[in-house]
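1. structure for the following, please:
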Amino acid sequence: MSIPSLPDALPAPRRPSPSSVPRLRWGVLGTGWIASRFVASLQASTTQRVVAVGSRTQTSADAFAGTSDIERAHPSAEALVADPEVDVVYVATPHHLHLAGALLAIRAGKHVLVEKPLGLNASEAQEISDAAAAAGVFCMEAMWTLFLPRLDVVRQVLDAGLLGHVRTVLADHGEHFDPPHRILDPAMAGGSLLDLGTYVTMLATWALGPATRVLATGETTGTGVNGQAAMLLTHAGDATSVLHSTLLTRTPTTATIAGTAATLTLPGPFFMPGDVVVTSADGSRSVTWTDPEPIGHGALFHSALEVARCIGEGLLESPLHPAAAVQSNLRALDEVTRQLGVTYSSTP
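-> The predicted structure follows:
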């Protein structure tokens, strides 16, 4: 295999512009932190329309609609998915409600974008994906990192073989949370793994393929959820990923994808907008792509643009994050939870 030398500049991202995709009418299921940031990102950076919100009570829906300038507020998930003015439903409920909310929208004939994780485990994710395929509607997990311009630069670096044979992924995601945050609540499928760990396992399985072996150790909080986990994954050809997630401490949140010819570094937080640095294996040369977008959740709109692009092209899943990739990630996490004795349950 001939390995290209490092270019003078890294490739420009190829993500769609807001004006190049169909203008869809969005309904948002859930009124929490991520829902508000998603709506704000769409309204600030796209021509997508958020036309309705659904919550468990009319009061909650009305309050969210009022602060987010949304036309209609529904007092239930059932009412939201029945709204004929909604094209696509963004499921922004807590993890344990993703399965029920996604299936409800799919059965109503709506396209769905489901906040990560798509399901609590690979089985739930498969059920959602299969239901969407059978119904002929689009379905995608909102793993927003994969749709950032930053990650498309990484994608092109990998596709061009600039790193040589990729052998190692290192990734870390740690934040500190205090009660009463839902991440500490076992009844809401809390813990570090589904909120934070999914980012690091996603990066590893995206860059190296499915895990063939998983070793994990971890710590449980006083509330009974996983506080932190250290994970060692083996992939095809004995490539290795070394991963860590924690909700107990703030960590560097950096990531590295290392090959025989060069090493790619994502300064923290690696899962948000930020720079891409590629350094030759001997350390003699380095080239950087500088992200013009500010770090933060204002970039959530990129996942919505991908949804609109795919629906406009008649696709039922995103080629950048298909059901098979979601399954690969969640199977690795399933084995981690098995080894750590972590269990989750969905709410019917």
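
2. now do the buried residues in the longest helix seen in the chain.
-> Secondary structure assigned by DSSP state H gives helix 323-340 as the longest helix of the chain. Across helix 323-340, burial judged by 16 or more other C-beta atoms under 10 Å covers 323, 325-337, 340. All C-beta atoms are positioned from the backbone trio N, CA, C, and that covers glycine.

3. equivalent analysis for stretch 194-209, please.
-> Those would be 194-208, for stretch 194-209 by 16+ other C-beta under 10 Å.

4. farthest-separated two in these?
-> Farthest apart among these by C-beta to C-beta are 195 and 208. That separation is 22.3 Å.

5. which pLDDT value belongs to the residue nearest in space to the middle of the chain?
-> Residue closest to the average C-alpha location in the chain (C-alpha atoms, centre = their mean): residue 143, at 1.6 Å. pLDDT recorded at residue 143 is 98.

6. got the contact list for it?
-> 116, 198, 202, 303, 321, 326 (C-beta atoms under 8 Å, 6 or more residues apart in numbering).

7. show me the residues you listed that map onto helices.
-> Counting by DSSP H, the contacts of residue 143 contribute 198, 202, 303, 326 to helices.

8. show me the two of the residues you listed that sit farthest apart.
-> Most distant of those, by C-beta to C-beta, are 198 and 303, 14.5 Å apart.

9. what is the nearest of the buried residues of stretch 194-209 to residue 266?
-> residue 203 (8.5 Å).

10. enumerate every residue touching the closest one.
-> Here residue 203 is in contact with 145, 169, 171, 241, 255, 257, 270 (C-beta under 8 Å, 6+ apart).

11. of the residues you listed, which belong to strands?
-> Within the contacts of residue 203, residues falling in strands by DSSP state E are 169, 171, 241, 255, 257.

12. which strand residues bridge the third one?
-> When you say that, I think you mean residue 241. residue 169, residue 233 (DSSP bridges).

13. gap between it and residue 92?
-> 29 Å (C-beta to C-beta, to the nearest Å).

14. ok, residue 262 - contacts?
-> Residues near residue 262 by C-beta under 8 Å, 6+ apart: 6, 162-164, 278-281.

15. actually residue 342, sorry about that
-> By C-beta under 8 Å, 6+ apart, the neighbours of residue 342 are 191, 193, 218, 225-226, 336.

16. quick one, phi psi at it?
-> With angles defined as degrees, to the nearest 10, residue 342 sits at phi -90, psi 140.

17. before we move on, what about residue 286?
-> Residue torsions, per degrees, to the nearest 10, at residue 286 are phi -150, psi 140.

18. can you tell me the SS state at the residue sitting furthest away from the middle of the chain?
-> In terms of distance from the mean C-alpha position of the chain, residue 284 ranks first, at 34.3 Å (C-alpha atoms, centre = their mean). Put simply, residue 284 is coil when judged by DSSP: H, G, I helix; E, B strand; the rest coil.

19. ok, of the contacts of residue 262, which come out buried?
-> 6, 162-164, 278-280.

20. how about those residues, which pair is most distant?
-> Once C-beta to C-beta is applied, the buried ones among the contacts of residue 262 give 164 and 279 as the farthest pair, at 12.5 Å.

21. where does pLDDT dip in this structure?
-> In the predicted model, the chain carries pLDDT under 70 at residues 1-2, 347-348.

22. residue contacts, residue 327?
-> 122, 125-126, 129.

23. try it again with 7 Å
-> Each residue near residue 327 by C-beta atoms under 7 Å, 6 or more residues apart in numbering is listed here: 122, 125-126.

24. for those residues, which single residue is the most surrounded?
-> Greatest neighbour count in those, by other C-beta atoms under 10 Å, goes to residue 125: 26 neighbours.

25. can you tell me what sits against the helix or strand where that residue lies?
-> Assessed by DSSP states H and E, residue 125 sits inside helix 122-135. Residues from elsewhere that reach helix 122-135 (C-beta under 7 Å, 6+ apart): 99, 102-103, 106, 109, 112, 114, 118-119, 139, 316, 323, 326-327, 330-331, 334, 346.
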